[in-house]
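1. For reference, the sequence and a predicted model appear below.
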Amino acid sequence: MSSQTYDHLDGDYLDGNAAAGELSKIFTMDVTTALGQCAQCGATGRFAEAHLYMRCPGVVARCAVCEHVLLRLVSVRERVFLDARGMTYLSLDTSQLQDSGK
Amino acid sequence: MWRVGKVVALHDETAMARTITLEVPDWPGHLAGQHVDVRLTASDGYSAVRSYSIASAPNSERRVELSVERLSNGEVSPYLTRELVVDDRLELRGPIGGWFVWRPQQTEPIQLVAGGSGIVPLMAMIRSRASAGNTAPFRLLYSVREPGAVWYGAELQSLLDRDQSVSVTYAYTRAAPKNWPRPPSRIDAALIANTTWPSNLVPTCYVCGPTSFVESAAGLLTACGNSPDKIRTERFGPTGDRR
């Protein structure tokens, strides 16, 4: 796959919604409605509300409460690297499958 | 998975923004508030991906409308708003996102707060409500630079004229129409308190705009007594091509 850029972020964060397209490479379910728990502060929140940093070359999602790194996603040529150790869990809502368009 | 959409119509919202209507043969349907990723690939293989909110209500024609603001330093938006022509093809991924959505089954009061091009997913909600025959009371607070920068103005006005349960408040930040009651300024506590649903009606609030706008508006809504659980936000970057 060719290189992709996300130059629409410069020193500012977006939210988890903006990573959902990239994460759809890996997850068949919608991640924006998923509940995740921060491994550092224990806060639980929707992935949609995580703070998202999309500077090249990857995507970093941080806890909206304590800014701990929850997840990193990097695409390098034909591989995608996912590091989710910043969350103790991510729970996905299977009832959303019907109308999420997936 | 990338789908291919064919451009079937182009419409200028303002001098700086264009709505692109795409026909996507294998479109699975969408919900108001969802977005798509758009991928452009150059002949040398270089590609760029941007996210744009869907402006259109769910429909059976497999049509998807995107409204794109042209950013002078953008890599993608100048192409989409100036060079793209009818019958061109675009690659799309989506629909994406199940959190920042409004469903026609919702009956509670809805408070929409838009900053600039953040109006797009909220317009999809207003259109979805109308096309579904939903009568939930909607209020929109639309912060915009100046009157000429309003998107969907005529459509919003005609909706207001025939539907008493939708209201729109414009908040101008740089230049207001003559005799406008409020001098141009950013949204503040008084404006939120006076023009949004009282929190005792427990509205669901959808806030979309640049990150600083969203932070400010969500904070003001919370200060007025709205529970953070009832406030859904979508942010986009100040420099970027998103939407």
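-> Yes, it's here. Residues are numbered from 1 along each chain as shown, chains lettered A, B, ... in the order given.
2. I'd like to check what contacts the longest strand seen in chain A. Which residues are they?
-> If you go by DSSP state E, chain A has its longest strand at strand A:69-76. The contact list for strand A:69-76 (Cβ atoms under 8 Å, 6 or more residues apart in numbering or on different chains) reads A:1, A:4, A:19, A:22-23, A:26, A:36, A:38-39, A:50, A:57-63, A:80-84, A:86-87. Every C-beta, even on glycine, is put in place using the N, C-alpha and C of the backbone.
3. Mind doing that once more with 10 Å?
-> A:1, A:3-4, A:16, A:19, A:22-23, A:25-26, A:31, A:36-40, A:45, A:47, A:50-54, A:56-64, A:80-87, A:90 (Cβ atoms under 10 Å, 6 or more residues apart in numbering or on different chains).
4. Point out where chain B drops to low pLDDT.
-> Scanning chain B with the threshold set as pLDDT under 70 gives B:237-243.
5. Could you list the domains of it?
-> As given by automatic domain parsing, the domain ranges for chain B are B:3-96, B:110-236.
6. quick one, which of those domains is nearest to A:H68?
-> Counting by Cβ to Cβ, A:H68 lies closest to domain B:110-236 out of those; the figure is 19.1 Å.
7. when you scan that closest one, is anything in it near chain A?
-> Yes: applying Cβ under 10 Å from any Cβ of the partner chain, one finds domain B:110-236 touching chain A at B:121, B:208, B:210-212, B:214, B:228, B:231-236.
8. Take the domains of chain B and lay them out in a markdown table including mean neighbour count.
-> Output for the domains of chain B, formatted as a markdown table (neighbours: other Cβ atoms under 10 Å in any protein chain shown):
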| stretch | mean neighbour count |
| --- | --- |
| domain B:3-96 | 18 |
| domain B:110-236 | 18 |
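9. Just the element for residue 67, please.
-> With no chain named, the answer covers chain A. A:E67 belongs to no helix or strand when assigned by DSSP states H and E.
10. my bad, the chain I had in mind was chain B
-> Per DSSP H and E: strand B:63-69 holds B:S67.
11. following that strand, which helix or strand shows up next?
-> Counting by DSSP H and E, what follows strand B:63-69 is helix B:77-78.
12. Could you tell me which strands the helix or strand just after that next one is paired with, and in which direction each runs?
-> Next in sequence after helix B:77-78, counting helices and strands by DSSP H and E, comes strand B:89-96. Applying DSSP bridges to the sheet, strand B:89-96 is found paired with strand B:3-14 (antiparallel), strand B:35-41 (antiparallel).
13. residue boundaries of the strands in the chain?
-> All of this refers to chain A. Going by DSSP E, chain A shows strands at A:14-15, A:35-38, A:44-46, A:51-53, A:58-62, A:69-76, A:79-83, A:87-91.
14. actually it's chain B I care about, not the one you picked
-> B:3-14, B:17-23, B:35-41, B:47-53, B:63-69, B:89-96, B:110-115, B:138-144, B:166-172, B:204-210, B:231-236.
15. how about those, which one is nearest B:L159?
-> Of all these, strand B:166-172 comes closest under Cβ to Cβ, at 5.7 Å.
16. quick one: contacts for the residue nearest to B:N226 when sequence neighbours are not counted?
-> Once flanking residues are discounted, B:N226 sits nearest to B:S199: 4.7 Å by Cβ to Cβ, 6 or more residues apart in numbering or on different chains. Going by Cβ under 10 Å, 6+ apart, B:S199 touches B:111, B:193, B:205, B:221-227, B:230.
17. Distance check, B:S199 against B:L22.
-> Distance, B:S199 to B:L22, by Cβ to Cβ, to the nearest Å: 39 Å.
18. what about chain A, any weak spots by pLDDT?
-> A:1-11, A:56, A:96-102.
19. and with 80 instead?
-> A:1-12, A:55-57, A:95-102 (pLDDT under 80).
20. Report all helices and strands that the strand holding B:S67 contacts.
-> Contacts defined by 3 or more Cβ pairs under 10 Å, 6 or more residues apart in numbering or on different chains; DSSP states H and E place strand B:63-69 against strand B:3-14, strand B:17-23, strand B:35-41, strand B:47-53, helix B:77-78, strand B:89-96, helix B:119-132.
21. Just the angle for it relative to strand B:35-41, thanks.
-> Counting by axes from the mean of the first three to the mean of the last three Cα atoms, to 10 degrees, strand B:63-69 lies at 80 degrees to strand B:35-41.
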